[in-house]
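Trainee: heads up, no residue letters with this:
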């Protein structure tokens with residue numbers, strides 16, 4: 001856009017000036033009369049010229065003399081507005097003629113019609129901007145008078161309208177948009193006036209709403225609200241309602257009311273909740289009303305029972321809240337955009353929290369004492385009726401419900417705390433003694449012994465894992481924890497529904513306490529001591545075994561709506577996983593330790609050397625000794641199936657490691673083969689006693705394949721080449737063809753006979 005010069009040049013771009021008749025005169029002629037094209041152009045250009053002159057005078061008025069903007073416009077506003085209105089009228093006449101089709105008859109060329117229509121649209125846009133600028137000017141001109149008359153709400157509405165107009169005429173790339181300089185000048189004036197009114201409103205609000213924050217014997221803490229405030233800058237007093245509406249229009253009110261609510265809670269509510277002797281007093285004057293705290297005339301006498309004193313505290317707090325809400329609603333009754341009082345948004349939640357805190361502190365600790373709170377319940381119902389009546393909430397029974405729930409919760413929480421405290425004492429003790437348990441000694445499990453016997457032999461593992469408890473050793477504290485759980489659940493039969501529910505879930509929490517404390521408390525022992533780790537594994541499965549049916553046995557003692565969900569079964573997988581993962585981690589640690597011992601001698605090569613043979617022999621003895629100790633410890637406490645699987649896993653690792661070391665040997669002398677056979681037989685001889693069997697056929701199924709492979713490797717060291725080939729042909733080996741070929745190459749010299757034998761190993 002081009003800037004205007006002092007001669008009044010257009011700030012939307014230069015336009016040519018052509019003398020001629022007016023467009024409305026041309027349009028009024030008969031359609032049959034021949035109109036010269038240059039006459040039409042002259043009419044349109046004359047109209048454009050008039051617009052340019054008007055724009056120039058508006059720009060000169062606003063830009064050149066803005067320092068005297070208000071004074072100057074008082075003289076020029078009427079003339080400029082009349083000129084703009086005249087232009088709008090003539091443009092509307094042209095628009096009417098266009099709609100009637102006369103223009104199409106006059107301008108026969110389609111291109112001329114389009115050009116003229118474009119010029120018309122552009123001109124109308126420019127006139128619209130001028131019209132909005134005139135409206136903005138009128139609104140800003142009357143602002144100071146509104147402030148002087150104390151009409152803050154009217155002034156605020158004017159500013160809101162100005163802001164809306166400024167958004168509509170914001171400069172853009174279009175030629176008909178407002179000039180940047182004019183827009184900047186007007187916007188700056190708008191911002192200055194808005195800041196001025198906000199400052200006035202802040203001052204008026206501070207003088208209308210005054211706080212006394214320090215409570216003394218003479219003056220109680222509180223707030224005073226003036227209905228009107230003397231405006232030092234104006235001619236008349238400012239009405240509080242007008243001040244509030246103006247702040248709402250300028251977006252200031254929400255922040256003010258939030259601060260007001262915060263002060264109410266801090267200056268009044270929190271003190272009378274903390275001091276039971278304070279009550280709320282209201283004083284009304286001609287122009288000022290106030291509400292403040294004062295010492296109650298009826299102070300609880302010494303010697304009265306604590307029950308009555310607690311009742312008075314709760315009742316007084318509820319009555320104080322009733323008085324406070326009534327006062328605020330009467331004197332600052334504001335409704336937000338959603339139709340709710342501001343109390344609902346800013347104050348009610350904080351007030352309700354304070355009430356709940358007081359009730360929580362002064363609720364009885366015994367269930368039989370709740371009857372003494374009839375008066376408190378009535379006061380709570382009165383307060384809730386008030387908040388519904390005032391429209392703060394649509395319907396509410398929160399406080400009454402809270403009183404009842406807190407009373408029940410305080411009684412029942414003592415039972416829960418007792419359950420958890422007993423569980424904590426049991427769990428945190430240092431008693432590592434064990435006791436042997438089995439299905440016959442326990443109450444858990446789905447089936448009795450007679451039903452178990454009917455289960456098929458194929459489901460033996462399932463029977464021991466789920467339906468019955470295998471014989472094993474558990475810690476005495478774990479047994480005590482389970483017995484305590486049964487005892488607490490049995491007590492539910494004589495409890496009221498709420499206390500029974502709390503007891504049930506308190507027992508659940510006691511088992512969660514076991515999972516949270518024991519793995520941390522005994523972490524080092526679980527990682528290093530085989531017996532403690534095995535017993536912990538049993539403890540977890542022992543608890544899981546009882547959890548399977550614990551809920552089913554006692555769910556009838558709970559309210560009917562809770563019976564369907566009253567179960568401990570969801571906790572079973574967590575205990576099983578905890579026990580299994582802890583023991584598997586220990587088992588993997590022991591396996592690594594055994595293999596490290598075997599690997600510390602640097603392999604099985606050169607065993608024909610006495611020194612190396614002694615080192616290997618000592619390492620194997622150490623491994624077998626450690627394995628024997630582990631088996632002995634686990635045999636006394638783990639279930640038989642778990643003991644067998646655990647020892648099998650460690651043996652499998654030893655077998656595989658020794659076979660791999662033997663396969664790595666590329667050349668085995670006759671002396672070495674005898675020594676290797678001896679070393680392998682050491683392990684073979686120590687294996688059967690680990691499982692208390694005398695025949696290899698009685699070994700567990702899981703270890704038989706590794707055992708057969710290990711024994712065959714031991715025999716190969718003392719076998720002839722022909723015997724090896726014959727056994728391979730008979731398919732008696734559990735070794736692969738590559739493994740057998742490797743041993744033949746290492747044991748026997750290269751010859752035609754060895755080559756022929758290798759060919760037969762396929």
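Mentor: Received, thanks. Not measured: the values here are computed from a predicted model.

Trainee: which regions of the stretch 351-500 of the chain sit below the pLDDT cut-off?
Mentor: 363-374, 395-412, 444-467 (pLDDT under 70).

Trainee: Let's see that with 50 instead.
Mentor: 367-368, 447-452, 454-455, 460-465 (pLDDT under 50).

Trainee: now the chain
Mentor: 1-36, 65-67, 69-75, 300-308, 337, 339, 367-368, 447-452, 454-455, 460-465.

Trainee: ok, the closest residue in space to residue 531 that isn't next to it in sequence - contacts?
Mentor: Counting by CB to CB, 6 or more residues apart in numbering, residue 531 lies nearest to residue 633, which is 5.1 Å off, once chain neighbours are set aside. The way it works is simple: take the backbone N, C-alpha and C, and place the C-beta from them, glycine included. By CB atoms under 8 Å, 6 or more residues apart in numbering, the contact list for residue 633 reads 530-531, 534.

Trainee: These in helices, which ones?
Mentor: 530-531, 534 (DSSP state H).

Trainee: Packing partners of the helix or strand hosting residue 162?
Mentor: In the assignment (DSSP states H and E), residue 162 maps to helix 152-168. Packing partners of helix 152-168 (3 or more CB pairs under 8 Å, 6 or more residues apart in numbering; DSSP states H and E): helix 110-141, helix 143-148, helix 180-208, helix 240-249.

Trainee: so residue 269 sits right up against residue 321, yeah?
Mentor: Yes: with contact defined as CB atoms under 8 Å, residue 269 counts as touching residue 321 (7.4 Å).

Trainee: Spit out the residues that contact the two alike.
Mentor: Counting by CB under 8 Å, 6+ apart, the residues touching both residue 269 and residue 321 are residue 351.

Trainee: So residue 430 lies in a helix, does it not?
Mentor: No: secondary structure of residue 430 (DSSP: H, G, I helix; E, B strand; the rest coil): coil, not part of a helix.

Trainee: The one helix or strand residue 628 maps to: what's the following helix or strand?
Mentor: Element membership for residue 628, per DSSP H and E: helix 610-637. Where DSSP H and E defines the elements, the next helix or strand beyond helix 610-637 is helix 640-663.

Trainee: Can you tell me what sits against that following helix?
Mentor: Counting by CB under 8 Å, 6+ apart, 461, 464, 470-471, 537, 583, 587, 590-591, 594-595, 598-599, 603-604, 623, 627, 630-631, 634-635, 638, 676, 679-680, 683, 687, 690-691, 700, 702-703, 706-707, 709-710, 713, 739, 742-743 sit against helix 640-663.

Trainee: Could you pull out the buried residues of that helix?
Mentor: 642-644, 646-655, 657-659, 661-663 (16 or more other CB atoms under 10 Å).

Trainee: relative to helix 610-637, how tilted is that helix?
Mentor: 170 degrees (axes from the mean of the first three to the mean of the last three CA atoms, to 10 degrees).

Trainee: all helices for the stretch 451-600 of the chain, in order.
Mentor: 460-462, 476-491, 497-521, 523-528, 530-554, 560-563, 572-599 (DSSP state H, counting those that start in this stretch).

Trainee: could I get the ones you listed as TSV with mean neighbour count and distance to residue 425?
Mentor: Formatted as TSV, these follow (neighbours: other CB atoms under 10 Å; distance: least, CB to CB, whole Å):
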stretch	mean neighbour count	distance to residue 425
helix 460-462	10	37
helix 476-491	18	9
helix 497-521	18	11
helix 523-528	13	20
helix 530-554	23	17
helix 560-563	12	28
helix 572-599	16	21
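
Trainee: Residue 237: which of the ones you listed is closest?
Mentor: Taking CB to CB, helix 497-521 is the member of these nearest to residue 237, at 59.4 Å.

Trainee: what's the angle between the closest one and helix 476-491?
Mentor: Using the same axes, to 10 degrees: helix 497-521 against helix 476-491 is 170 degrees.

Trainee: Residue 668: what secondary structure?
Mentor: coil.

Trainee: show me the contacts for the closest residue to it other than its chain neighbours.
Mentor: Nearest residue to residue 668, sequence neighbours excluded (CB to CB, 6+ apart): residue 746, at 4.6 Å. By CB under 8 Å, 6+ apart, the contact set of residue 746 is 665-668.
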